[in-house]
Structure formats: C-alpha cells, structure tokens
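Asks: What follows is a predicted protein model with its sequence.
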Amino acid sequence: MNLSVTGVAQDLAVSNIDDTLKKNANVVIRNSITEFNVINPGKAIETYHVELTILNPSGKREATQLVGFSDLEKVLEVNGEIYDRNGVRVKKIKNADIADVSATGSSMYTDNRVKVLDFTYPSYPYSIIFNYKVMHEGLMFYPNWSPQDSYKSSVEKAVFRVRVPENMGLNYYEHLVDGDEKVEGKEIVYTWKVENVFGYKPEPYGPPGRDLKPFVMITPKHFEMEGYEGSMSSWESIGKYDLDLIEGRGELPKEAILKIEKELSGITDKREKARRIYEFVQNTTRYVSVQLGIGGWQPFDAQYVFENGYGDCKALTNYTAALMNHAGIESIYTSVLAGRGATDIVVDFPNARFNHVFLAVPFEKDTVWLECTSQSTPFGYLGTFTSDRHVLMATRDGGKLVKTPSYSKEDNLQFRVAEVRLTKEGNATAVIRTEYSGIQYENVNGQLHKSPSDQKKWLSKKIDLDKTTITDFSYKLQSDMIPKITEELKVSSAGFGSITGNRIFFEANPLNQISSIPKKIADRKSDVYIKQAYTDIDSIHYVLPEGYHVEHLPDTKVIDTPFASY
C-alpha cells in the first residue's frame, strides 16, 4: 500500500461531507486505513493513512499528530499535507517541520520518543492528510483499533487490515463491528470496516465511552520480546510470562536482610510483619519510571533497588515481594490497569494491556493490596487508583484473573458537624469538624504534605464564603485500610447573614452545596452509571442571637423515582 502524499486522495472539499456527519462533531474522519503486517513473531510493519477534516476550533486537538517510536519501534516514513475548505492543498509538511522529542517525565527513564507534526491552519474548516510507517521489533503488543477518536468525531469510512503468517494466527475481540477473514497465499488477512459512524452527545452519568464506540483488540497467539517467548492465548499464559520475567530477581543482599530482620525483631503476627515491611519500603525508596526496552516489562532485581533506593512499579513491587518472602509471607506480583478514570479490562479477551504493577498479600480471611510506589498510601488502601477492577495475579500456576474490592457508600463517607454562632449584625463564628474516609479521603490527602500557608489558601477557596477568615485549623490522619482524615476549622465570617429590618436571612447549608446539576434528558438511551458510591452527611447547629427565633425554614422536599429517592 502506497501511503506517500503524492498519491491520489479523495476530494477533500468540506462541501462533500454529508450534514449528518457534521452533527455533534468537531472532526470528521473522511478516510482512514490502518494496516498491520506481521512478518514473524518478533517483527511487523504498521502503516497508517488518514484524511480528516477539522470543522471548528474545538477540534484543534487533531491539528497535532504524533508518532511514537523507541529502540523497538523505528519510524520508516512520516509525512502530511494541509488542505483548505475547498480541498486545495495549501501546505506540505517537510521533514524540517517535524519535531522529534523525548517522551520523558520528571521521574522517568525511557528510550521512548515522539515525532510531532503540527497541522495548525488559521481558517476553519480545513482538512489534513497524515501518513506514517513504523517497523515493530519485539512484538508483545499489537495495535488496537478505535476508528472514532472521541464522541465529538464522526467517521465517514475507516478500514483496519491485519496480515499474519498462516502458521501464526491471531487473537481478536470485536465490539460494534464485524470483520472477515480470508487466506491469501501463505497469509491470513483479517479486515474490519466501518462507515458513517456519527458523533454523539454523551449523557450525564453514562457508561464508559468505550462501550459506545466500535473498536477491535488484537493480540498475538505467540510472541517474542528480546529473547523472552510468551503466549496470549489465556490469562494463565500471560501470568506465566510475567513469572518468567521476574524469575531470579528476588535475591536480597546480606545488608538488606540484616536491616529487615532488625525491623521485624520481636514481631510474630504475619499481618503486622507485612505492615512493617511495607512501611520500610515506603521510608527507604522512591519511585522512578523505567521504560527502556525489556525494562518496560521486566523489573530491576531486588539488590539493585536496595542499593540505589529507587525503582519503577515493577522493581519496587518485586523488591517488596522479596522482603515478604524472606519473612515467610506469601505475596503475589499483580498487573492492573490503574487510574482514577480507567475503564476495566475486557475480561473475555486475554491481553497484557496493563499499565501498572502492585502487590497482593493473601491472608487466611482476606487479601491485602499494597501500592509499592507510594510513600504515603496507607497499608492495604486501594483507593480510586486500583479498586473495583480486574487484575492479573502471577501465581505459581500462572495468571489468575481476580477483581479487587470496591468501597461502599458507607466506606466513602464525608461526615461534617458544625456549630455556627450568629450576632445581631449578621456576623458569624463557626467551629467545623469534618471526617473524610474511604475514597473521600483522597479529596484532602494531598493537602497533608503541603505547608500550613498553602493549606490555608486551599481551605479559603474551598469554603468560598465572602469575608471569611480562617482563625485556626488542623488535620489528623488515621492511616487504616479504609483511611480517615479529620479536619477541624475555626472560622469567622463578616456578613454571613443579610439584615432586613429586624430579620436575619442566611443559607441553611453553606458548606456543602451542589455546584452543578446534570442536564435532564427527555429520552435517555443509556443506563445511569455511577462508578463510586459515596455518602455526605452534614449536621449544622445554629446558635441565634438573644431575642431571635426561627421564623421560616426551607420546605421539606421529597423526590421519588424508579431509580433513586431524595
């Protein structure tokens, strides 16, 4: 397939786009072709060609196109062109226009780089053509295909074609799209196509966007990564590959053994030993991401982490497991797709699309999960980062897919008690005590590590009352598996209530107000989806000035619906 910009493209005049594709869209993908040609278990060529129209400034994200590469992924070709609204070419992207930048962070060692093409044009709408060709070596991952980039994009036509040697085969998972398979010579060719996929308006509290868009996931039946062979035919085989990568990397130096034995001296309870080991790792190591070749999947050995005091999630987890093992405590290296907003993995399709590793420590009645990269996460706390999702445990028998615990609405509690004293002038002083537990602890946890002046600034913004002064405040952390932070405030507010004649008017609950209300959908298409349940309880006691009494209270309001009550 020739993807050079000198080839003939369809007429890119914006007037040729059907109006139905423009509705609810900032971008229309006119034509997209992705081809993945597997040569052998360790090598493949990926080619990509897209013609798209950016309708308005809200679609400007598509004006920046990226091609990632590393020692295992080499860019063979990359180019592009810009067309005006009439389909006339106005610019050809030259090599000098393509930026080559390192994909680094402040705590990352990586050989990953990115080529960046800027397709910015001052007049909307306009169109671009973008092409690249990349050679992959060390094939643990095949590219997934999601032709509709976002809910604000429409797709006129898109094709995904995969070629593999007849003796290799392919694992695939289809969602809202059907493909076909045929034999061409000594290759099997898999093809998926979509046409006229429309942009849409997401509904409030709707399902994950992935569920609403067509996509295809593919994996190799067998693969090779820098001499390590593996299979993605089952979760068991993927876990077995993880075990192979960590084999022999748990040896501790003598100095580390002496230190951890001193730390555990006199402790007989296994759970308490595990807690002490976790806190020892937290106090003596720090997180540094490593994405170098096979290092993106294989951890540094335990000795390296002890001697250097740092590691990535894999290395720190492996090191913690080595310490547990020395103490006679079973632990299991576990892969997870982590992140507060991460969508759960597709459990029916074994694949290694995880982005993080942490440690499971099974006990007789429960399993404790340890976030080994954090110097502050409480022992056993999963939080929004790793709770309520499927994870892959690398057990001695291979991979085992399990689901981490979720937190209930009772666990995720914000409980507030306040006493507010009003004066005849409408001023007020208040003593406020708030407990944040479960995932609501995360709303405040970041403040514990800041200076008192920064904490006070944050509190002032959070209270958001005019002419309010914080006279005193404190935080107390209860570092349990369901952690809790207690916040105590003393504040004064000039003009808390408004004076009209001999009356004082004030808001009944100024401390916890809903800032936005979801738009009502007359003909809702999707179920209501709430990722984390929680409970807020507010109790405010008002002490009125002498001679004043309550004249009017807000009416009690009750709302009952088939799915909720208020």
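Replies: Happy to help now that I have it.
Asks: Could you use CA atoms for every contact and neighbour count after this?
Replies: Noted.
Asks: Residues contacting stretch 523-533, please?
Replies: Stretch 523-533 is touched from outside by 203-207, 407-409, 412, with contacts defined as CA atoms under 8 Å, 6 or more residues apart in numbering.
Asks: Helices of the chain, residue ranges please.
Replies: With DSSP state H as the criterion, the chain has helices at 19-22, 235-246, 254-263, 270-284, 302-308, 313-326, 383-386, 442-445, 452-463.
Asks: what's the most buried one of the ones you listed?
Replies: With neighbours defined as mean count of other CA atoms under 10 Å, the helices of the chain peak in mean count at helix 313-326, which reaches a mean of 25.
Asks: Serialize the contacts of stretch 523-533 to TSV and add fields for distance to A338 and pLDDT.
Replies: Listed next are those as TSV, based on distance: CA to CA, whole Å; pLDDT from 0 to 100:
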residue	distance to A338	pLDDT
E203	25	92
P204	23	91
Y205	21	90
G206	21	91
P207	18	92
Y407	16	97
S408	19	96
K409	21	96
N412	19	98
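Asks: For those residues, pick the one with the most neighbours.
Replies: Counting neighbours by other CA atoms under 10 Å, N412 leads the contacts of stretch 523-533 with 22 neighbours.
Asks: List the contacts of the spatially closest residue to it that is not a sequence neighbour.
Replies: With CA to CA, 6 or more residues apart in numbering as the criterion, N412 has its nearest non-adjacent residue at 4.3 Å, and that residue is G438. Counting by CA under 8 Å, 6+ apart, G438 touches 383, 407, 411-413, 482-484.
Asks: buried stuff in stretch 156-171?
Replies: 156-165, 168-170 (16 or more other CA atoms under 10 Å).
Asks: neighbours of T47, just the number please.
Replies: So T47, with other CA under 10 Å, has 21 neighbours.
Asks: swap that for S516, sorry
Replies: 6.
Asks: ditto for K525
Replies: When neighbours are counted by other CA under 10 Å, K525 registers 10.
Asks: for K182, same thing?
Replies: Every residue meeting other CA under 10 Å relative to K182 is counted, giving 11.
Asks: just the one 4 residues further on next, same as before
Replies: Other residues near K186 come to 11 when the count uses other CA under 10 Å.
Asks: ditto for N355
Replies: Neighbour tally, N355, other CA under 10 Å: 13.
Asks: show me what contacts it?
Replies: By CA under 8 Å, 6+ apart, N355 lies in contact with 335-338.
Asks: ok, now A321?
Replies: 250, 331-333, 359 are the contacts of A321 under CA under 8 Å, 6+ apart.
Asks: Lowest-scoring secondary structure element of the chain by mean pLDDT?
Replies: strand 108-110 (a mean of 48; mean pLDDT, DSSP states H and E).
Asks: What is the nearest of the contacts of stretch 523-533 to F349?
Replies: Checking the contacts of stretch 523-533 against F349 by CA to CA gives P207 as the nearest, at 19.8 Å.
Asks: what's near enough to touch that closest one?
Replies: By CA under 8 Å, 6+ apart, the contact list for P207 reads 526-529.
Asks: possible to save those as a markdown table with neighbour count and pLDDT?
Replies: Output for the contacts of P207, formatted as a markdown table (neighbours: other CA atoms under 10 Å; pLDDT from 0 to 100):
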| residue | neighbour count | pLDDT |
| --- | --- | --- |
| S526 | 13 | 89 |
| D527 | 11 | 88 |
| V528 | 13 | 87 |
| Y529 | 12 | 88 |
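Asks: With distance to V305 added, can I get these in a markdown table?
Replies: Shown next, in a markdown table, are these (distance: CA to CA, whole Å):
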| residue | distance to V305 |
| --- | --- |
| S526 | 48 |
| D527 | 47 |
| V528 | 45 |
| Y529 | 42 |
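Asks: out of the residues you listed, who's nearest W297?
Replies: Closest to W297, out of all of these and judged by CA to CA, is Y529, at 33.5 Å.
Asks: so what's T535 bridging to?
Replies: Taking DSSP bridges as the rule, T535 bridges to L413.
Asks: What of R161?
Replies: Beta-bridge partners of R161, counted by DSSP bridges, are E35, T191.
Asks: Render the CA-only coordinates of stretch 67-79 in PDB, please.
Replies: Extracted C-alpha coordinates of stretch 67-79, given in PDB (Å, rounded to 0.1, in the frame of the first residue of the first chain):
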ATOM      1  CA  VAL A  67       4.100   9.000  16.000                       C
ATOM      2  CA  GLY A  68       5.800   7.200  18.900                       C
ATOM      3  CA  PHE A  69       9.000   5.200  18.500                       C
ATOM      4  CA  SER A  70      11.800   3.600  20.500                       C
ATOM      5  CA  ASP A  71      14.600   1.200  20.100                       C
ATOM      6  CA  LEU A  72      11.900  -1.400  19.400                       C
ATOM      7  CA  GLU A  73       9.800   0.800  17.100                       C
ATOM      8  CA  LYS A  74      11.500   2.500  14.100                       C
ATOM      9  CA  VAL A  75       9.800   5.200  12.000                       C
ATOM     10  CA  LEU A  76      10.300   4.400   8.300                       C
ATOM     11  CA  GLU A  77       8.100   7.100   6.900                       C
ATOM     12  CA  VAL A  78       6.100  10.100   8.200                       C
ATOM     13  CA  ASN A  79       4.500  13.000   6.200                       C
END
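Asks: and that stretch, what's its mean pLDDT?
Replies: Across stretch 67-79, pLDDT averages out at 91.
Asks: thinking again about what came up before, taking the buried residues of stretch 156-171 together, which two end up most distant?
Replies: Across these, the longest distance by CA to CA is 32.6 Å; it joins E156 and M168.
Asks: what about F130, distance to H49?
Replies: Noted for F130: a distance of 6 Å to H49, by CA to CA, to the nearest Å.
Asks: any idea which of the contacts of stretch 523-533 is closest to R286?
Replies: Checking the contacts of stretch 523-533 against R286 with CA to CA, the nearest one is Y407 at 27.6 Å.
Asks: so what's the closest one closest to, chain neighbours aside?
Replies: Closest residue to Y407 apart from its sequence neighbours, by CA to CA, 6+ apart: G438 at 7.0 Å.
Asks: Okay, now the unreliable bits of the stretch 51-200 of the chain?
Replies: 103-111 (pLDDT under 70).
Asks: can we see that at 80?
Replies: The model of the stretch 51-200 of the chain has pLDDT under 80 over residues 102-112, 138.
Asks: How about the chain?
Replies: The model of the chain has pLDDT under 80 over residues 1-10, 102-112, 138, 225-227, 290-296, 464-466, 513-516, 563-564.
Asks: So which residue is smack in the middle of it?
Replies: By CA atoms, centre = their mean, the chain has its centre lying nearest to G339, at 3.4 Å.
Asks: Please report how far that one lies from T367.
Replies: Shown here: G339 relative to T367, a distance of 20 Å by CA to CA.
Asks: now P378: how far from M481?
Replies: Distance of P378 to M481, given as CA to CA: 6 Å.
Asks: higher neighbour count, these two?
Replies: Neighbour totals were compared for P378 and M481, and P378 leads with 21 against 16 (other CA under 10 Å).
Asks: now that one, nearest residue through space, not along the chain?
Replies: Excluding its sequence neighbours, the residue lying closest to P378 (CA to CA, 6+ apart) is S479, at 5.3 Å.
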